[in-house]
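Trainee: below is the sequence, then the predicted model.
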Amino acid sequence: MQLGIFCFAGRKLFKLTCCSAQIQTGTFESLAFEWQNMIQERLESTFFDQQVWHKVWWSEFGNDFQLKILAAYSDSGSVELIAPLMVDGNEISFLGSTDLVDYHDFLFKEPSDSNCIQLLMEVIHGMRGISKISLESLPESSSTIILFSSYAQQLGWQVEVAQEDVAPRIELPSTWDDYMTNLRKKDRHELRRKFRRLKQAGDVRQVELISPDDVENAMGDFIRLHRMSTAGKEQFMTGQRERFFRNVAVELAKQGLTRLCFLEVNNERVATSLSFVCTGVRYLYNSGYNPAHSNLSVGLLNHALAIKSSIESGHRVFDFMRGSEAYKYHLGGIDRQICALTAFRQSDSMN
């Protein structure tokens, strides 16, 4: 299969086949159809793969970078790989940042075609102004880690792969009772005790919002509870990030992916979480709670009820995503590594 590369840089579309180039106009919208098809064909596509996610992030944070979206296509014209990238000086990286993105990867049909990765690396190698490639937040199972490393080294680049973080997740059973049974004895006992104490506090319910209008109207409560949780979260939730959270939650709700949850005690919203569901996996993106109710463990129990909702919805996995916070393990999370691949151009690789 003969392959080529389309390169979207701002409003320019470059068609790269080895060393030749043909320039056409192009935008995010030029790949919208192929992008969505690629997501639907992947075995486990995350909400970070969605084109709308990239567009919202870029509109809010992209001013300091150069957009460069590469798409590998076959001789029949079908797109085989999409690489949403950005350039900052001499460095090329995935589009996005680790403060807001937990998982990154190229979009490709599965099983991945190593020829696409090879050609992608060759195209980046040909960008003479690029001396560093930074591919962060790759799941440990990604074939990109081995393939991209191999082709980069063949072209003379120095490659480093390191563990960036962990992302605990739960393989969900078919029933809540089975989930409770699978917990460690101490964790199971503590969870039951916490639920009993919460029930004694009065009228308790969890509300799960899905529609775009409901999500938009409730994001103010999410932001408020997030900010009051800890000093670190208050510092994190800048005005710019707040706009991003609001926009991406609503845009993904339009695709049916958003799950905005609130735990209510006596009609007061005391805890919240923002999750997204893709290919049978529920991804816990961020959360918050009112510290005045910390004696009731409202944050943890809101997550437990979200897990219960996922089981009842038939989800395969509940993914806590980036970070090793203790509550994730108390609720049954098992670590999965997130890796960072960094490649540096060596002086003799310019030839």
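Mentor: Everything's here; your move.

Trainee: skip the chain neighbours and tell me the closest residue to K254.
Mentor: Nearest residue to K254 in three dimensions, chain neighbours excluded: P212, at 5.1 Å (CB to CB, 6 or more residues apart in numbering). To be clear about C-beta, it is placed using only N, CA and C from the backbone, and glycine gets the same treatment.

Trainee: gap between the one you found and F94?
Mentor: If you measure P212 against F94 using CB to CB, to the nearest Å, the figure is 27 Å.

Trainee: least trustworthy helix or strand in this protein by mean pLDDT?
Mentor: The helix or strand of the chain with the lowest confidence, counting by mean pLDDT, DSSP states H and E, is strand 20-25 at a mean of 25.

Trainee: which element is A162 on?
Mentor: strand 157-166 (DSSP states H and E).

Trainee: tell me the helix or strand right after the least confident helix or strand of the chain.
Mentor: Proceeding N to C from strand 20-25, the next assigned helix or strand is helix 32-41, under DSSP H and E.

Trainee: how about residues contacting that following helix?
Mentor: Applying CB atoms under 8 Å, 6 or more residues apart in numbering, the contact partners of helix 32-41 are S45, D49, Q50, Q51, A71, S78, V79, I82, L107, F108, K109, E110.

Trainee: list the helices and strands the next helix or strand after that helix packs on?
Mentor: Where DSSP H and E defines the elements, the next helix or strand beyond helix 32-41 is helix 51-61. Helix 51-61 is packed against helix 32-41, helix 239-253, with contacts defined by 3 or more CB pairs under 8 Å, 6 or more residues apart in numbering; DSSP states H and E.

Trainee: how about the strands in the stretch 201-350 of the chain?
Mentor: In chain order, the stretch 201-350 of the chain shows strands spanning 204-209, 258-265, 268-278, 281-289, 317-319, 337-345, with DSSP state E, counting those that start in this stretch as the criterion.

Trainee: dump these to a markdown table, plus distance to Y179 and mean neighbour count.
Mentor: Output for the strands of the stretch 201-350 of the chain, formatted as a markdown table (distance: least, CB to CB, whole Å; neighbours: other CB atoms under 10 Å):
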| stretch | distance to Y179 | mean neighbour count |
| --- | --- | --- |
| strand 204-209 | 16 | 16 |
| strand 258-265 | 17 | 22 |
| strand 268-278 | 17 | 22 |
| strand 281-289 | 13 | 23 |
| strand 317-319 | 9 | 23 |
| strand 337-345 | 24 | 19 |
